[in-house]
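>>> Give the three-dimensional model of this entry:
(one chain, ligands or ions: 1)
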Amino acid sequence: MPAYEFRCRQCGTEYEIRATISEYSKGLKTVCPSCGSEDGEQLISLAAIFRGGAGGSGGFGGGCWGPSCCGGN
Ligand SMILES: [Zn+2]
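Numbers count the residues shown, from 1 in each chain. So this is what the prediction gives:
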C-alpha cells in the first residue's frame, strides 16, 4: 500500500497517509496528527527526481582540456 506525503497548512507538520490507489483516486481525507486540521497539501515526491537536473556548478574542478588552455609550452 503506497503512502502519500502531506504537509499541514496550519502547523506545517508533515505526515503520511497510507491508502490504496482506488482510495487515493476517490480523494483522501487528510487529518494532521499534530493539530487535527484537514487542510493538508500533498507533497509531490516526484520533485526529488527532477532536483538533479537543475543548477549544478560543473564538476570537473578546472581540469585542462587541451594543449592551449593552460598556457601550453
Ligand atoms: Zn497541523
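>>> Please give the element, helix or strand, for S25.
helix 21-26 (DSSP states H and E).
>>> whoops, I mixed them up, F6
Using DSSP H and E, F6 falls in strand 3-8.
>>> follow-up on the earlier one: buried residues in the helix or strand just after the helix holding S25?
Remark: after helix 21-26, the chain's next helix or strand is strand 40-42, criterion DSSP H and E. For strand 40-42, burial by neighbour count (16 or more other CB atoms under 10 Å) applies to G40. From N, CA and C alone the C-beta is placed, and that goes for glycine too.
>>> Give the other helices and strands that the strand holding F6 contacts.
Here strand 3-8 is seen to pack against strand 14-18, strand 40-42 when contacts are counted using 3 or more CB pairs under 8 Å, 6 or more residues apart in numbering; DSSP states H and E.
>>> Does stretch 10-25 reach the ion?
Yes - for stretch 10-25 and the ion, the contact criterion (CB under 5 Å from the ion) is met by Q10, C11, T13.
>>> JSON lines for those residues, including distance to Y4 and neighbour count?
Conversion of these to JSON lines gives the following (distance: CB to CB, whole Å; neighbours: other CB atoms under 10 Å):
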{"residue": "Q10", "distance to Y4": "18", "neighbour count": "14"}
{"residue": "C11", "distance to Y4": "18", "neighbour count": "12"}
{"residue": "T13", "distance to Y4": "15", "neighbour count": "15"}
